[in-house]
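Peer 1: Sequence and predicted structure below; questions after.
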Amino acid sequence: MIRLGLLGLGEVAQLIHLPILQRLGDLYTLAGAYDPSPSVSKAISARWGIETVYETAEAMFAASDIDAVMVLSPDQFHGRDARAALTAGKHVLIEKPCCLELGDLQSLSETAEASGKVAMVGYMRRFAPAFLEAKANLPALDEITYVRVRDVICEGPWYFRQTDGVVTPENDLPQEMLAAGGALRKQMLDSVLGSATPAELRTAYTVLTGLSSHSLSAMRDLFGPPKAVRAVSIKQGGTQITALLDYGHFTALYECMIGDVVRFEAGFEINTRWKRIAFEYPTPYIRNLPMTLDIQTSTENGNSLTRLGPFHQDPFDVELRAFHAAVTAGGENRTPPAESAPDLALFKAIIEAARN
């Protein structure tokens, strides 16, 4: 049993992690939480039966009855918060993106290695059963002819407003924390992009580190990093990104668009001369929606389509079970912080290609 502390009780904690953690009561105890909003802390701890609400993150890190911390703070604080938890002797599960810039990530990776504790990044799409089946059925890399990766979505609120509510701060977030967070985020983006970078490209980088990090990390899990970024188009204020990624003998097309038409088209299509593998992720804001994996095989005289699934196990459920196994039984940690470095390099390369 892992005694878990949650750092941050916002939208993702409320709608995704807490419901799954409650179902995994044989693996996790909700031992504590900290959120900078006292009103959110009070409401959410009462609703979900969290044992202790701490007045500071440092107090939670120092608590002897906390084994591991889930880092759900704003992106710019992930590295700082994870380092502090690791230094205090806690295991950490860090929501993506692990960090916004490479220096912060390298510092976190060094701390994780020195600590001897498990540090796992929450790339939950890489734990989806349909993704793992696709990986198991992946053709040889030299047989692949074309890959299409797609994130064309409507944001989460449209979905979860119909199924649940989100408790938000009652004007009680410390202003100094908000100011410090904004300054740190700007400093990190400036260090990656340059202070004179247009707002459209800065927004695109936040989309890449947020939404796109799921798909591009999964793409790298399947094929490795691309050899080069050949062309990029960024439109609609940075919320529409199209990139041609060169893998040598094949091209991967990445399409990203955040819009208001209600759809969630997030998935992969992998082609060889005679085979096609395809799957799509459902919105994560509705629990246990099915995923399927299609494997189409053609010959000169025939054609067949095999559908695996539907898989109803939630990717977050698989991820949390994997984290538990890594902490308690020495299970494999497929997504340590250091493993995120190629993703940050790719995000930056996409922005640089868009400047040309």
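Peer 2: Alright, I've got the coordinates. Since we're looking at a predicted model, the values are computed, not measured.
Peer 1: which element is Ser233 on?
Peer 2: If you go by DSSP states H and E, Ser233 is part of strand 228-235.
Peer 1: which residues in the stretch 151-300 of the chain form helices?
Peer 2: For the stretch 151-300 of the chain, the helices defined by DSSP state H, counting those that start in this stretch occupy 157-160, 175-193, 199-207, 213-223.
Peer 1: distance from the centroid: which residue in this protein tops it?
Peer 2: Taking C-alpha atoms, centre = their mean, the residue of the chain most remote from its mean C-alpha position is Asn301, at 42.5 Å.
Peer 1: who's in contact with the nearest residue to Asp314 once chain neighbours are set aside?
Peer 2: Leaving aside its chain neighbours, Asp314 sits nearest to Asn288 (5.5 Å; criterion: C-beta to C-beta, 6 or more residues apart in numbering). Any C-beta I mention is one placed from the backbone N, CA and C, and that applies to glycine too. Contacts for Asn288 were tallied using C-beta atoms under 8 Å, 6 or more residues apart in numbering; they are 312-314.
Peer 1: Give me the buried subset of those.
Peer 2: With neighbours counted by 16 or more other C-beta atoms under 10 Å, the contacts of Asn288 contain buried members at Asp314.
Peer 1: Show me the strands in the stretch 251-356 of the chain, by range?
Peer 2: Listed in chain order, the strands of the stretch 251-356 of the chain (DSSP state E, counting those that start in this stretch) span 251-259, 264-271, 275-281, 291-298, 303-311.
Peer 1: Quick one: closest of these to Gln14.
Peer 2: Nearest to Gln14, of all the strands of the stretch 251-356 of the chain, is strand 264-271, at 19.6 Å by C-beta to C-beta.
Peer 1: how about that closest one: buried residues?
Peer 2: Buried residues in strand 264-271, counting neighbours by 16+ other C-beta under 10 Å, are found at 264, 266-271.
Peer 1: repeat for stretch 51-60
Peer 2: For stretch 51-60, burial by neighbour count (16+ other C-beta under 10 Å) applies to 52-54, 57, 60.
Peer 1: do the same with stretch 225-236
Peer 2: For stretch 225-236, a neighbour-count test (16+ other C-beta under 10 Å) marks 225-226, 229, 232, 234 as buried.
Peer 1: Now do it, average pLDDT.
Peer 2: Summarised as a single mean, pLDDT over stretch 225-236 is 97.
Peer 1: So what's the gap between it and the chain middle?
Peer 2: Taking C-alpha atoms, centre = their mean, to the nearest Å, one finds stretch 225-236 lying 20 Å from the centre of the chain it belongs to.
Peer 1: strand partners of the helix or strand hosting Val121, parallel vs antiparallel please.
Peer 2: Assigned by DSSP H and E, Val121 belongs to strand 119-122. Strand pairing for strand 119-122, determined by DSSP bridges: strand 91-95 (parallel).
Peer 1: Which two among the buried residues of stretch 225-236 are spaced furthest apart?
Peer 2: Across the buried residues of stretch 225-236, the longest distance by C-beta to C-beta is 20.4 Å; it joins Pro225 and Ile234.
Peer 1: Cheers, nothing more for now.
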